[in-house]
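Engineer: Quick one: sequence plus predicted model below, questions after.
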Amino acid sequence: MHIPALLKAAILACAMPAAVQAAPYVPADGTQVIERLPGQGNPAHKEMQRLRAALAASPQNQQLATTLARRYIETGRRTGDPRYLGYAQAALSPWWDQPQAPNAVRILRATILQSQHHFAQALADLDAVLGSDPGNAQAWLTRATILQVQGQYDQARKSCVQLQGRVPELVAVTCIAGVDSLNGEDVRSYAVLEDVLKKNDGADPSVKVWAMTLLAEMAERQGNHAKAEQHYRQALALDPSDTYLLGAFADFLLDRNQPADVATLLQKNTRADGLLLRYALALKRQGLPDAAKHIDTLQSRFAAAALRGDTVHRREQARFALHLRDDARGAFELARQNWSVQKEPADTRILLEAAVANNAKAEARPVLAWLKQTGLQDRTLQELAAKLESAG
């Protein structure tokens with residue numbers, strides 16, 4: 001999300017790095033806990049096993065199915081392993097193809113569909129939920145996230161506004177600030193969110209991580225690198241294993257020409273393709289021989305995704321092609337295809353980088369026009385756009 005930022009105790013559609021960020025799950029109250037699955041001996045893993053066994057014995061039990069699906073989605077977000085989304089879909093299989101599925105199933109189905117970039121279908125499910133339950137905060141938040149990823153900022157903001165009075169203040173303000181920061185209001189949104197975060201120091205840690213990560217991204221876009229690093233490190237202190245946060249901070253460090261720090265940050269966190277990509281970039285920047293084997297691993301993973309018909313990770317594939325394979329033309333085609341689907345700052349950046357590498361000013365005109373239209377304030381994007389504008 002954007003990024004979009006992630007919540008530790010959240011349901012995210014595709015939190016695999018490089019994929020679209022889904023809306024954070026809003027617990028009913030502060031005592032509600034959503035477990036993670038860090039290891040075989042962990043109580044959360046045993047609980048997952050119990051749920052699987054119970055659902056196998058009673059596959060039509062909707063409460064069991066939705067509980068297990070939520071756990072799978074959260075585990076996929078934490079690990080960056082897309083297989084867990086398939087497991088979640090399987091848990092919901094009795095209702096998956098039902099046009100009139102129960103609302104609890106529709107929201108989870110929308111989350112999974114979003115992860116697969118089936119945005120229209122996901123929005124249809126969410127709109128159906130809101131038609132019968134207009135106060136459903138999770139549906140509004142997920143809807144806002146999808147619309148923001150698509151660059152439909154006015155509609156995304158309207159969905160965020162619906163959260164006011166239905167969720168804790170920090171959740172609603174973070175949602176609104178995230179949209180406004182991409183629509184010409186970066187400085188004001190930063191000040192508002194920073195103030196509300198200070199006032200809500202006792203908020204759920206996962207919500208604070210979300211807000212801190214967003215503040216870091218805002219500060220970074222403004223060129224305030226000291227503030228950005230401060231926010232990133234504060235967020236990591238609360239959740240050092242958040243996949244999206246690790247990727248965002250790694251990108252920040254790469255931009256600051258600190259590849260050794262990136263390698264240290266990610267050396268034990270390369271299971272997710274997006275993090276492995278950043279790790280390989282860091283090793284290549286340092287001229288280390290291990291970079292080659294990780295580049296080969298990424299090539300194999302992307303080839304396997306292509307065989308599956310998986311087009312979700314085109315942003316990462318474009319970065320891989322441009323920065324690790326020196327395939328500027330291939331990178332531009334991948335980035336252009338990706339940008340037609342999602343328009344987060346990272347999507348726009350790789351497209352502009354590839355356009356500069358190809359001197360493709362004419363082909364990048366729709367992106368340059370979109371940047372002017374939205375008023376997106378991002379120093380890196382502005383520098384890339386200026387390079388293209390001045391190209392012959």
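Structural biologist: Yes, it's here.

Engineer: Helices of the stretch 251-392 of the chain, start to end?
Structural biologist: When assigned using DSSP state H, counting those that start in this stretch, the helices of the stretch 251-392 of the chain occupy the ranges 259-266, 273-285, 291-308, 314-319, 328-339, 345-358, 365-374, 379-389.

Engineer: out of those helices, deepest packed?
Structural biologist: Of the helices of the stretch 251-392 of the chain, the one with the most neighbours on average (mean count of other C-beta atoms under 10 Å) is helix 314-319, at a mean of 27. No exception for glycine: its C-beta is placed from N, CA and C like everyone else's.

Engineer: For that one, give the mean pLDDT please.
Structural biologist: Rounded to a whole number, the mean pLDDT of helix 314-319 is 97.

Engineer: name the helices or strands packed onto that helix?
Structural biologist: Contact partners of helix 314-319 among helices and strands, from 3 or more C-beta pairs under 8 Å, 6 or more residues apart in numbering; DSSP states H and E: helix 273-285, helix 328-339, helix 345-358.

Engineer: what's next to it, contact-wise?
Structural biologist: Taking C-beta atoms under 8 Å, 6 or more residues apart in numbering as the criterion, the residues outside helix 314-319 that touch it are 17-18, 273-274, 277, 281, 302, 331-332, 334-335, 337-338, 341-342, 346-347, 350-351, 354.

Engineer: do the same with stretch 175-191
Structural biologist: For stretch 175-191, the surrounding residues in contact (C-beta under 8 Å, 6+ apart) are 1-2, 4-5, 141, 144, 148, 153-154, 156-157, 159-161, 163, 192-193, 214-215, 217-219, 221-222, 345, 374-378.

Engineer: Tell me which of the helices and strands packed on helix 314-319 sits nearest to Leu322.
Structural biologist: helix 328-339 (3.6 Å; C-beta to C-beta).

Engineer: what residues are up against Arg166?
Structural biologist: The neighbours of Arg166, taking C-beta under 8 Å, 6+ apart as the test, are 135, 137, 140, 172.

Engineer: Just the buried ones out of those residues, please.
Structural biologist: Buried by 16 or more other C-beta atoms under 10 Å: 137, 140, 172, out of these.

Engineer: a markdown table please, covering the residues you listed and showing pLDDT, distance to Leu307 and secondary structure.
Structural biologist: Rendered in a markdown table, the data for the buried ones among the contacts of Arg166 read as follows (pLDDT from 0 to 100; distance: C-beta to C-beta, whole Å; DSSP: H, G, I helix; E, B strand; the rest coil):
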| residue | pLDDT | distance to Leu307 | secondary structure |
| --- | --- | --- | --- |
| Ala137 | 96 | 39 | helix |
| Trp140 | 97 | 37 | helix |
| Ala172 | 98 | 42 | helix |
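
Engineer: Which of those sits closest to Leu298?
Structural biologist: The shortest distance between Leu298 and any of the buried ones among the contacts of Arg166, using C-beta to C-beta, involves Trp140 and amounts to 36.7 Å.

Engineer: for the stretch 151-300 of the chain, which spans come out with low pLDDT?
Structural biologist: In the prediction, the stretch 151-300 of the chain carries no residues with pLDDT under 70.

Engineer: Give me the nearest residue to Arg157, chain neighbours excluded.
Structural biologist: Leaving out its chain neighbours, the residue that sits closest to Arg157 by C-beta to C-beta, 6 or more residues apart in numbering is Val179, at 4.6 Å.

Engineer: host element of that neighbour?
Structural biologist: helix 169-180 (DSSP states H and E).

Engineer: Quick check: ChimeraX command selecting the buried ones in the contacts of stretch 175-191.
Structural biologist: Applying 16+ other C-beta under 10 Å to the contacts of stretch 175-191, the buried members can be selected in ChimeraX as follows:
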select :1,2,4,5,141,144,148,153,156,157,159,160,163,192,193,214,215,217,218,219,221,222,345,376,377,378
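
Engineer: can you tell me which of the contacts of stretch 175-191 are in strands?
Structural biologist: Among the contacts of stretch 175-191, the subset assigned to strands under DSSP state E is empty.

Engineer: Out of the contacts of stretch 175-191, which sit inside helices?
Structural biologist: Using DSSP state H, the members of those that fall within helices are 141, 144, 148, 153-154, 156-157, 159-161, 192-193, 214-215, 217-219, 221-222, 345, 374.

Engineer: quick revisit: adding distance to Leu266, write the helices and strands packed on helix 314-319 out as CSV.
Structural biologist: Compiled in CSV, the helices and strands packed on helix 314-319 are given as follows (distance: least, C-beta to C-beta, whole Å):
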stretch, distance to Leu266
helix 273-285, 4
helix 328-339, 22
helix 345-358, 17
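
Engineer: Tell me which of those lies nearest to Phe320.
Structural biologist: In this view, these are compared for proximity to Phe320 by C-beta to C-beta, and helix 273-285 is the closest at 6.0 Å.

Engineer: what about that closest one, distance to the chain center?
Structural biologist: Using C-alpha atoms, centre = their mean, to the nearest Å, the mean C-alpha position of helix 273-285 is found 18 Å from that of the whole chain.

Engineer: got the angle for it vs helix 291-308?
Structural biologist: Between the axis of helix 273-285 and that of helix 291-308 there is an angle of 150 degrees, by axes from the mean of the first three to the mean of the last three C-alpha atoms, to 10 degrees.

Engineer: which other residues reach helix 273-285?
Structural biologist: So helix 273-285 is in contact with 16-19, 80, 243, 246-247, 250-251, 254, 257, 259-260, 262-263, 266-267, 269-270, 290-291, 294-295, 297-298, 301-302, 313, 316, 319-320, 323-324, going by C-beta under 8 Å, 6+ apart.
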